[in-house]
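Chemist: Only the shape, not the letters, is given here:
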């Protein structure tokens, strides 16, 4: 244990900035005949916060438990700071974890919960006390040292779970659906809090979540998983603006999906004819798709705008909802397809009434995505 | 705490009278006989002509009787410890087993309760006897020259009682371990604790309610197990239930029998109170 007391209080007193890189190298895991994780490779840099995002059953929690050592993967390697840790049991991996239900020890006080890992490592009592004080200060819970977990609110329990995991200075911090059990107001506070502590400690963190907003707001990078496979690994804006697969496109954010066919594609642009009639020329090639391929075109609601007669897609307003700073209209095209259009709302502006005939078109063709149509 | 609230709620809604038949039953067949027993014990002489505390003076100064009491309590403690030692791994196995094996373990555990105590006890006589299974095996293997005396010994009785009372220990333990959040052990491991530290710091303290419940049940059943004590313990081993029986029915000394019954009861309640003291520890964090 280094002497914590003498460190500068301006910088984080509780940590030496020593995040470690984490590499998941071709991880595959099978439960019996079911493949839970299918050949996932991720390179996570030191000090990054990476989210594993996906619907339940996508393998994200299995992946987290593999890193923690609670599950031994069928194939592949887990490498921390350049060293494979696959042969180490969970108690020797130095991987901290915060569980969805916090898993605080109910028979121990807050202080004893935080000191638990230090005691397990043989830290002497005086150093334990110092460290517990530091961690309580870090999560702003100094007044609660002698309480029992049952006497704390959900948010307070989470702070203690985080303090307990960080007290032993783990090389990696794992967060298992950390906000799922918190109510909405508290959730944002805790997201900011955890992000602050993670940045301050410089620890590499992996967070499992099914909540895209949470992933987009907190992560340095996001790994989107579906059915055990890695769909895309990139920054939040890459994931949101340049989804590589139809799954990522629909799972992250809201989008209007329009079926069509690829008419032509060259080195700089491609043309798509929508089934609803509109022809779009996108300023980039359609990769790995031949002319004539059935495609799905994705346009985000905020990338659709109302246009003059003669242009765009014709439709009728089904419903208009003012949502504070935006208005969302639902439009139904002649073929019966429903589209969402989200536009900025100026003061006093009223939504169109139902039945109003309108025309809509994409604002930015660059932000329109095309994907091969899923095979039926 | 929770039960206290429920009781208040029930009486507020006037549902307390639902407990009336049971209360009457207890009053008539449990409290009244107990008071009668106490009254009998307060007689100075065998014919119950005069009142007095002579029986208590006699019982409490009688080295032989106190020895029997001590042996009986020791029997209870040893049986409880053996049950705990055998029962905890079984309950642990149940917790980590799949649903099918859990069913098998429950069945095996409860099975002894479905057969008569007398049958089970006679089975132990067959197993522990001079020509019993254990001795035959030991002789065949050459581990001993002459048959061991297992039957009619204190040790043999502890083993037989432990088998007979095991379900009373295992069922509360299974219940307690099932309530234990598996994430707690994972959290403990992730914090650097090895298996044994996790067991002694997390699993054991949190299963205390089950251990206490199982111990109270096993202990009270073991010290009062008249049939098993008499058959497996035989004539050489004397414990309180048989001692009381002899004083009452063989010697017809009802006041003395009543006195040692009361002393026995107080001693057992004292031991159970000691077990429950352990439970205070769990109340500190679970009562909210």
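Modeler: Thanks, I have it. Just so we're clear, the structure is a prediction, and the values are computed from it rather than from any experiment.
Chemist: Spatially nearest residue to residue A:281 (excluding sequence neighbours)?
Modeler: Closest residue in space to residue A:281, ignoring its immediate chain neighbours: residue A:271 at 4.9 Å, by C-beta to C-beta, 6 or more residues apart in numbering or on different chains. Backbone N, C-alpha and C define where each C-beta goes, glycine included.
Chemist: and the one you found, what is it in contact with?
Modeler: Each residue near residue A:271 by C-beta atoms under 8 Å, 6 or more residues apart in numbering or on different chains is listed here: A:262-265, A:279-282.
Chemist: Among these, which are located in strands?
Modeler: When DSSP state E defines the strands, the subset of these inside them is A:262-265, A:279-282.
Chemist: Check the residues you listed against residue A:80 and report the nearest one.
Modeler: For the ones in strands among the contacts of residue A:271, the residue nearest residue A:80 by C-beta to C-beta is residue A:282; the value is 42.1 Å.
Chemist: Tell me how many other residues crowd the closest one.
Modeler: By other C-beta atoms under 10 Å in any protein chain shown, the residues close to residue A:282 number 20.
Chemist: Quick check: it touching residue A:266?
Modeler: No - judged on C-beta atoms under 8 Å, residue A:282 makes no contact with residue A:266 at a distance of 11.4 Å.
Chemist: Now the residue nearest to residue A:281, what are its backbone angles?
Modeler: phi -120, psi 140 (degrees, to the nearest 10).
Chemist: Distance of it relative to residue A:262?
Modeler: From residue A:271 over to residue A:262 the distance is 8 Å, taken as C-beta to C-beta, to the nearest Å.
Chemist: Which strands and helices lie in contact with the longest helix belonging to chain A?
Modeler: The residue-count maximum for a helix in chain A (DSSP state H) belongs to helix A:184-201. Packing contacts for helix A:184-201, counted by 3 or more C-beta pairs under 8 Å, 6 or more residues apart in numbering or on different chains; DSSP states H and E, involve helix A:154-167, helix A:212-218.
Chemist: Which positions within the shortest one qualify as buried?
Modeler: Applying a neighbour-count criterion of 16 or more other C-beta atoms under 10 Å in any protein chain shown, the buried positions in helix A:212-218 are A:212, A:214-216, A:218.
Chemist: returning to what we had before: out of the helices and strands packed on helix A:184-201, the one nearest chain B is which?
Modeler: Checking those against chain B by C-beta to the nearest C-beta gives helix A:154-167 as the closest, at 7.0 Å.
Chemist: for the helix or strand containing residue B:100, what is the average pLDDT?
Modeler: Assigned by DSSP states H and E, residue B:100 belongs to helix B:99-114. For helix B:99-114, mean pLDDT rounds to 89.
Chemist: And for stretch A:357-376?
Modeler: Predicted confidence along stretch A:357-376 averages 88 (mean pLDDT).
Chemist: repeat for stretch A:40-47
Modeler: pLDDT averaged over stretch A:40-47 gives 95.
Chemist: what about that stretch, distance to the chain center?
Modeler: Offset of stretch A:40-47 from its chain centre (C-alpha atoms, centre = their mean, to the nearest Å): 14 Å.
Chemist: which other residues reach it?
Modeler: Contacts to stretch A:40-47, defined as C-beta under 8 Å, 6+ apart, come from residues A:17, A:19-28, A:50, A:59, A:63, A:76, A:81, A:202-204, A:206, A:221, A:223, A:225, A:228-230, A:233.
Chemist: Likewise for stretch A:367-376?
Modeler: A:241-243, A:245-246, A:249, A:255, A:259, A:262, A:270, A:272, A:280, A:282, A:286, A:288-289, A:293-300, A:303, A:362.
Chemist: one more time with 10 Å, if that's ok
Modeler: Contact with stretch A:367-376 is made by A:241-250, A:255, A:257-262, A:265, A:270, A:272, A:280, A:282-284, A:286-289, A:293-300, A:302-304, A:362, as judged by C-beta atoms under 10 Å, 6 or more residues apart in numbering or on different chains.
Chemist: and the end-to-end length of stretch B:142-150?
Modeler: The straight-line separation of the ends of stretch B:142-150 (C-alpha to C-alpha, to the nearest Å) is 17 Å.
Chemist: Show the model's pLDDT score for residue A:305.
Modeler: In this model, residue A:305 is scored at 90, pLDDT.
Chemist: which SS state does the closest residue to chain B within the stretch 201-350 of chain A fall under?
Modeler: Here the stretch 201-350 of chain A gets closest to chain B at one residue, residue A:206, 13.1 Å apart by C-beta to the nearest C-beta. Per DSSP: H, G, I helix; E, B strand; the rest coil, the local secondary structure of residue A:206 is strand.
Chemist: Next, count neighbours for residue A:182.
Modeler: Residue A:182: 18 neighbours (other C-beta under 10 Å).
Chemist: excluding its backbone neighbours, what's nearest the most centrally placed residue in chain A?
Modeler: Centroid check for chain A by C-alpha atoms, centre = their mean gives residue A:215 as the closest residue, at 2.4 Å. Leaving aside its chain neighbours, residue A:215 sits nearest to residue A:51 (3.9 Å; criterion: C-beta to C-beta, 6+ apart).
Chemist: tally of neighbours for residue A:189?
Modeler: Look at residue A:189: counted by other C-beta under 10 Å, it has 12 neighbours.
Chemist: For it, give me its contacts.
Modeler: A:155, A:179, A:182.
Chemist: Kindly report the same for residue A:259.
Modeler: The neighbourhood of residue A:259, defined by C-beta under 10 Å, 6+ apart, consists of A:274-276, A:294-297, A:335, A:337, A:373.
Chemist: and what of residue A:274?
Modeler: Under the criterion of C-beta under 10 Å, 6+ apart, the neighbours of residue A:274 are A:258-261, A:280, A:295, A:297, A:313, A:333, A:335, A:337.
Chemist: mind listing what's buried in the longest helix of chain A?
Modeler: Within helix A:184-201, the residues scored as buried using 16+ other C-beta under 10 Å are A:186-187, A:190-191, A:193-194, A:197-198, A:201.
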